[in-house]
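# Quick one, what's the 3D model for this:
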Amino acid sequence: MDELVRMDEIAKDIRYGKPAKETEALAPLTKLQENWLKKRLGRADFSEAVRLNYYIGTALGNRQGDKYIAESFKTISGQILEATLHNLEYNDACKIVSEKHTVKLPLRVNWGGGWSDTPPICCEMGGTVLNAAISLNGELPVEVTLIKIPEKKIIFDSRDMDVHGEFDSIEELQRTGDPYDPFALQKACLLACGIIPAEGGRLDEILTRLGGGFEMHSEVTNVPKGSGLGTSSILSAACVKAVFEFMGITYKEEELYAHVLVMEQIMSTGGGWQDQVGGVTNGIKYITSKRGLDQQLKVEHIELQPETKKELNERFCLIYTGQRRLARNLLRDVIGRYVGNEPDSLYALNEIQKVAALMRFELERGKIDEFASLLNYHWELSRKVDAGSTNTLIDQIFLSIEDLIDAKMVCGAGGGGFLQVILKKGVQKTDVHKRLKDVFQDNPVDVWNCEIM
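The predicted structure follows:
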């Protein structure tokens, strides 16, 4: 009887929002407790199902708890994928409409609401994000090219990853979910766009109807790995956009976002939706979603007064750290703190959505100084969500230019890659460059040229 009372106590802790790390330690589950868990999971909603395994895993601790925590994350990805797959439809009417088609996309910088776009946070709270598309060193670095070929096969070529693959049967193209597959992204794109069915079919018949085989070339040029500028998800968006246009599939902007979401879920990346929305169209975007497993995005393009955009571009500065974040468990750590109801994390994740809305308000009023203050506050909140977003080098970089800037923030999850700052009025980017070179000398820490599109 005590065994079941202990399990009921865990369920009560979840219901009342008690942090998982405050739950009493648990001995290895007995058969009776395992049966209780199985029955409870059978009738639990999404939120409880995720937390039951997480809380039990935390209470068990060490290796014994790892399998339950892993099951918690599996529940998140599995249920979201199931909710998303109803959007997957085979398109048996499209045809190749050009011999060659290229799509080039910018990168994105995140300003407000980062992490609120990530499952299960967005599924339970809704998401609110403000971000912007940028060029880097005068270029749009994300590029996908499709080329029609007479052979009945599909060729994938990724120059920056140095991989090449040719497929003349459909079965291999339909195998997804392997994180080590070098062509996971391209396969997911063809499935999400309905070019090939999820199961069955013959590739030669499909390519005959399309009008030929094709090559898909994809690359991200002159952007360091782990940049924090959303390259992986924006590449997904570029693939979907290129396939739609190459195959003559008409689409609205929201349909493009929806198909990229499906594609990302097929790949089981576990990431959010802000990167692909940030890079697939130019400008500053205010993106929101309501609660629910099947995320429906509302994207509003923010129009700034010409003088505001000019001042923002003059004062916005991108700095490369020369480091790549190595924390492999980043997503698991951040989501774990949220699922585990840690107060600091819950407060910050709620607050950053408010900050995103206020940032939009100030930018539309042309108040760059007020926007800078909010960016600083967001940086404080980001460190509550993920302490690993900063490190000694990042702290040193910010400290070395403290008298030149009004605001500071990491790009993406931080911990490496690029940093973003808002300069004080009258300070030039060359001033920051000179200071960084004086302090860091031969280190690759430096200003990179960018422009908000």
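# Next, the buried residues of the least confident helix or strand in the chain by mean pLDDT.
Between all helices and strands in the chain, the lowest mean by mean pLDDT, DSSP states H and E belongs to helix 253-266, at a mean of 86. Neighbour-count burial for helix 253-266, with 16 or more other CB atoms under 10 Å as criterion, is recorded at 256-266. Quick note: C-beta positions are derived from backbone N, CA and C, even for glycine.
# As a markdown table, those with distance to residue 342 would be great.
What follows is those, written out as a markdown table (distance: CB to CB, whole Å):
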| residue | distance to residue 342 |
| --- | --- |
| 256 | 36 |
| 257 | 31 |
| 258 | 32 |
| 259 | 35 |
| 260 | 31 |
| 261 | 27 |
| 262 | 31 |
| 263 | 31 |
| 264 | 26 |
| 265 | 26 |
| 266 | 31 |
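# nearest to residue 56, of those?
residue 265 (26.1 Å; CB to CB).
# quick one: contacts for the closest one?
Residues near residue 265 by CB atoms under 8 Å, 6 or more residues apart in numbering: 77, 80-81, 84-85.
# Residue 10 touches residue 59, doesn't it?
Yes: shown here, residue 10 and residue 59 form a contact pair, counting by CB atoms under 8 Å, at 6.8 Å.
# Next, show the common contact partners of the two.
By CB under 8 Å, 6+ apart, the residues touching both residue 10 and residue 59 are 23, 26.
# Residue most distant from the centroid, this protein?
Farthest-out residue of the chain from its mean C-alpha position, per CA atoms, centre = their mean: residue 1, at 45.0 Å.
# buried sites along the longest strand along the chain?
Criterion DSSP state E: the longest strand present in the chain is strand 127-136. By neighbour count with 16+ other CB under 10 Å, strand 127-136 contains the buried residues 127-136.
# What pairs with the next helix or strand after that strand, parallel or antiparallel?
Remark: after strand 127-136, the chain's next helix or strand is strand 142-149, criterion DSSP states H and E. Partners of strand 142-149 in the sheet, by DSSP bridges, are strand 100-105 (antiparallel), strand 213-220 (antiparallel).
# Of the buried residues of strand 127-136, which is the nearest to residue 351?
Nearest to residue 351 among those, with distances taken as CB to CB, is residue 128, at 10.9 Å.
# wait, the closest one sits on residue 287?
Yes: taking CB under 8 Å as the contact criterion, residue 128 and residue 287 are neighbours in contact, 7.5 Å apart.
# give me every residue that touches residue 449.
Residue 449 makes contact with 136-138, 318, 429, according to CB under 8 Å, 6+ apart.
# where's it relative to residue 222, distance?
Here the criterion is CB to CB, to the nearest Å. By it, residue 449 lies 11 Å from residue 222.
# what touches both of the two?
The contact sets of residue 449 and residue 222 overlap at 136-137 (CB under 8 Å, 6+ apart).
# from the strands paired with strand 142-149, which stretch is densest packed?
For these, the largest average neighbour count (mean count of other CB atoms under 10 Å) is found in strand 213-220, namely a mean of 21.
# In ChimeraX, how would I select the buried members of the contacts of residue 449?
Here is the ChimeraX command that selects the buried residues among the contacts of residue 449 (16+ other CB under 10 Å):
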select :136,318,429
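# and of the contacts of residue 449, the nearest to residue 196?
Comparing those against residue 196 with CB to CB picks out residue 136 as the nearest, at 33.2 Å.
# which residues are in contact with the one helix or strand residue 42 maps to?
According to DSSP H and E, residue 42 maps onto helix 31-43. Helix 31-43 is contacted from outside by 3-4, 6-7, 11, 29, 48-49, 52-53, 56, using CB under 8 Å, 6+ apart.
# Alpha carbons of it, as CSV, please.
What follows is helix 31-43 as a C-alpha-only set of coordinates in CSV (Å, rounded to 0.1, in the frame of the first residue of the first chain):
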residue,chain,number,x,y,z
LYS,A,31,6.2,-4.2,-10.2
LEU,A,32,3.1,-2.8,-8.5
GLN,A,33,4.5,0.8,-9.0
GLU,A,34,5.3,0.0,-12.7
ASN,A,35,1.7,-1.1,-13.2
TRP,A,36,0.5,2.0,-11.5
LEU,A,37,2.6,4.1,-13.9
LYS,A,38,1.5,2.2,-17.0
LYS,A,39,-2.2,2.7,-16.1
ARG,A,40,-1.7,6.4,-15.2
LEU,A,41,0.1,7.1,-18.4
GLY,A,42,-2.7,5.5,-20.3
ARG,A,43,-5.2,8.1,-19.2
